[in-house]
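J.: Structure of the sequence below:
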Amino acid sequence: MASTGATTSAAPAPMTGAMLAITSIALALGTFMQVLDGTIANVSIPTISGNLGVATSQGTWVITSFAVANGVSVPLTGWLMMRYGVVKTFVGSVVMFTIASFLCGVSWNLPSLIIFRVLQGAVSGPMIPGSQALLIMIFPPAKRGTALAIWSMTTLVAPISGPILGGYISDNISWPWIFLINVPVGIICAVLCWRNMRSRETPTRVVPIDRTGFFLLLTWVGALQVMLDTGKDADWFNSAAIVVELIIAIIGFIAWLIWELNEANPIVDLSLMRSSNFVIATVVSCVGYALFFGANLLQPLWLQTRMGYIATWAGLVAAPSGVVAVFLTPFAARLMNRIDARWTASLSLAAFAASFFLRSQYTTDVSFGVLVVPMLVQGIAMSTFFVSMVTLTLNGVQGAQVPQASGLYNFLRITAGSFAASIVGTWWEQSANMHQSRLSEVIGSADPTFTAALGRLQGLGLSLQQSVGAVTNQVTSQAYLLATDDIFRIASFAMVVLIPCVWLTKRALGAGGAAHAAD
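T.: Sure, this is the predicted structure:
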């Protein structure tokens, strides 16, 4: 197999001083941008939808299109870094991400925005693993814990900033700027990283790429996502298009599975699925992340569409979870060096369950303070969940398989999040319609409460038609509240169910990998 690059030269010495600080900041900016764009649009969906003249349910494509494209591109990261080097792959990804962000900002309708978001997600796959690998490379071995701390803190700060920044920009400037702000940041990141690290390029080698496997992966994931996103509007399986999409997804998945199991250089190493520990930990992580991602999308949608919150305040409601997570993460990291990761994973799942249960008690007159309390609890969960699940998932994976295992894990986790965004939106609308129908059955001209409410409203000067409209609006708001509470209640129960599943995995320590003591 042909090779290129300085495969025999010694690794460059770690950076020091100002050069190390500047390069670390530049790499952190790369991570920050990518994670930020996964959350910045959450609170802006109603604004974007209204501006582009589409329903809010259609606007969620802005989120899911990015997530799916990003998830599908993650398995390519290992091949790209091996073929072109980590530095070129990372910088190239940042440059293309910056261009895609500009195109998102100048989108003229929803289809164009979705196309550019797909492009943005597709080219951003190498940004997070690339920044992590380069941070470890430029720090001295003794300080690699610091490098990972910088990386971890960045991935927690970005989700805090996303809703707040997205809300403020949508309310006070214009929604295109939630994408255009990436342009100057991307230019600075790309220029600094290339100038400071181009001489530190990693060895490269020519390796075959599994084009067929990638095409089949793209086909079945894309068909399934389109089916989930359009099913509600198309009346699900009463639509021929939805049936065709499901058939394509099933056939594509089976074909992909057969191909990957027999390919010499698969894009996804499915041999990892022979490890029950990897499978169980990945399933728990994916389900937990899907519930977390869906809840984070649902709450700002409900606050803005039914509770009268502007995007800025909807973002501020979510902010405390990130603040708590950033504060607790250093302590959680030290704790995980000494205790079994299954305990910290269980703690995080229990905290998620408590947070969702508290949110299932919301009412239509809920105050800002009551909205914030569950987010503080969620911050406790966030401080340990991601690191705990990565530790459990990679526990026992051989060194040579770690990149493939990490790629498969992240692909499944990100894809689960994108599916959750589609499912939660559809489920929320259908549940609200069901509750509205039931409420309407008990409210009518023969209901004394209904007639008394109409009388009071007419006494305040409203016409009969206006009074009926006001009551109907209250019924609709109550229906959406009940639907929201239902989803949070189910999510809380699901998190509790995941806790015993964690204990089916092997004992693992954050710093020490597997702990082989008898369980």
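J.: what number of residues lie near Met19?
T.: Other residues near Met19 number 12, with proximity taken as other CB atoms under 10 Å. Backbone N, C-alpha and C define where each C-beta goes, glycine included.
J.: Excluding chain neighbours, what is closest to it?
T.: Closest residue in space to Met19, ignoring its immediate chain neighbours: Asn196 at 6.2 Å, by CB to CB, 6 or more residues apart in numbering.
J.: packing partners for whatever helix or strand that neighbour lives in?
T.: Under the assignment given by DSSP states H and E, the secondary-structure element containing Asn196 is helix 182-197. Here helix 182-197 is seen to pack against helix 17-39, helix 86-105, helix 127-138 when contacts are counted using 3 or more CB pairs under 8 Å, 6 or more residues apart in numbering; DSSP states H and E.
J.: measure the closest residue to Phe102 other than its chain neighbours to Ala319 for me?
T.: If you skip the residues right next to it in sequence, Phe102 has Val183 as its closest partner in space, 5.3 Å away by CB to CB, 6+ apart. With distances taken as CB to CB, to the nearest Å, Val183 is found 25 Å from Ala319.
J.: Of those two, which one has the most company?
T.: Relative neighbour count places Ala319 above the other of Val183 and Ala319, with 19 against 15, counting by other CB under 10 Å.
J.: Tell me the helix or strand right after the helix or strand where the more buried one lies.
T.: Ala319 belongs to helix 311-336 when assigned by DSSP H and E. On the C-terminal side of helix 311-336, the closest following helix or strand by DSSP H and E is helix 341-359.
J.: Any buried residues in the next helix-or-strand element following that following helix, and which?
T.: Tracing the chain past helix 341-359, the next element assigned as helix or strand by DSSP H and E is helix 368-394. Judged by neighbour count using 16 or more other CB atoms under 10 Å, the buried positions of helix 368-394 are 371, 374-375, 377-394.
J.: for this structure, what's the longest helix?
T.: Secondary structure of the chain per DSSP state H: the longest helix is helix 402-442.
J.: what angle sits between that helix and helix 127-138?
T.: Here helix 402-442 points in a direction 140 degrees away from that of helix 127-138 (axes from the mean of the first three to the mean of the last three CA atoms, to 10 degrees).
J.: Now the very next helix or strand once past helix 402-442 - C-alpha only, CSV.
T.: Moving toward the C-terminus from helix 402-442, the first helix or strand encountered (DSSP H and E) is helix 448-459. This file holds the C-alpha atoms of helix 448-459, laid out as CSV (Å, rounded to 0.1, in the frame of the first residue of the first chain):
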residue,chain,number,x,y,z
PRO,A,448,-71.9,25.4,32.8
THR,A,449,-68.3,26.3,33.2
PHE,A,450,-68.0,27.0,29.5
THR,A,451,-71.1,29.2,29.4
ALA,A,452,-70.0,31.0,32.6
ALA,A,453,-66.6,31.7,31.1
LEU,A,454,-68.2,33.1,27.9
GLY,A,455,-70.4,35.3,30.1
ARG,A,456,-67.5,36.7,32.0
LEU,A,457,-65.6,37.5,28.8
GLN,A,458,-68.6,39.2,27.3
GLY,A,459,-69.0,41.2,30.4
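J.: Who are the packing partners of helix 448-459?
T.: For helix 448-459, the packing partners by 3+ CB pairs under 8 Å, 6+ apart come out as helix 464-502.
J.: Give the rounded mean pLDDT of the helix it packs on.
T.: The average pLDDT within helix 464-502 is 87.
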